[in-house]
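**Q** Model the following, please.
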Amino acid sequence: MRELRCIIFENLEIIKAITGHRRRTGKPLPPGQIGKLKISTSPDIVVTLELIPDDGHSLFIPSSGAELAAALIGYCIELRVPMPVSAKKALTVLDGHIALKITKN
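**A** Just a heads-up that it's a prediction; the model follows:
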């Protein structure tokens, strides 16, 4: 028997997760305002943040794969959402939102 949990993230939560993860790993975002967040799913899930620096020229910062998963898992841990270490974790998209699937045997 297996257990499946899905944690679905709102766009603001994804932004907080990515910015927090980048800060923790020593790669903070450049100064500026975050504009839009774009989710693409083909061939892999990629979240792209549009950053508008003070000079007004948009900068696009992608996040995907292990980096995106680590950011979302770190965000959950920060909020004290139970995150079983031994469970399999995978990213998916549900109803246009990024979700973290957690499968535990």
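
**Q** In the helix or strand in which Val47 is found, which residues are buried?
**A** Val47 belongs to strand 46-52 when assigned by DSSP states H and E. Residues 47, 49, 51 are the ones in strand 46-52 that count as buried (16 or more other C-beta atoms under 10 Å). Backbone N, C-alpha and C define where each C-beta goes, glycine included.

**Q** Does the second one have any beta-bridge partners, and if so which?
**A** This means Leu49. Counting by DSSP bridges, Leu49 forms beta bridges with Leu37, Ile61.

**Q** who's in contact with it?
**A** By C-beta atoms under 8 Å, 6 or more residues apart in numbering, the contact set of Leu49 is 15, 18, 29, 34-37, 60-63.

**Q** Most widely separated two among these?
**A** Greatest spacing in the contacts of Leu49, by C-beta to C-beta: Gly35 and Ser63 (15.1 Å).

**Q** more neighbours, the two?
**A** Higher neighbour count among Gly35 and Ser63: Ser63, with 21 against 13, using other C-beta atoms under 10 Å.

**Q** Using just helix, strand and coil, how would you label that one?
**A** strand (DSSP: H, G, I helix; E, B strand; the rest coil).

**Q** what's near enough to touch it?
**A** Counted by C-beta under 8 Å, 6+ apart, Ser63 has contacts 18, 46-49, 71.

**Q** Let's see that with 7 Å instead.
**A** 18, 47, 71 (C-beta atoms under 7 Å, 6 or more residues apart in numbering).

**Q** Quick check: bridge partners of Ile98?
**A** Val93.

**Q** was I right about it contacting Ile39?
**A** Yes: using C-beta atoms under 7 Å, Ile98 is in contact with Ile39, at 6.3 Å.

**Q** When those two are compared, which one has more neighbours?
**A** Ile98 (24 against 14).

**Q** Span of stretch 19-28 from start to end?
**A** Start to finish, the residues bounding stretch 19-28 are 7 Å apart (C-alpha to C-alpha, to the nearest Å).
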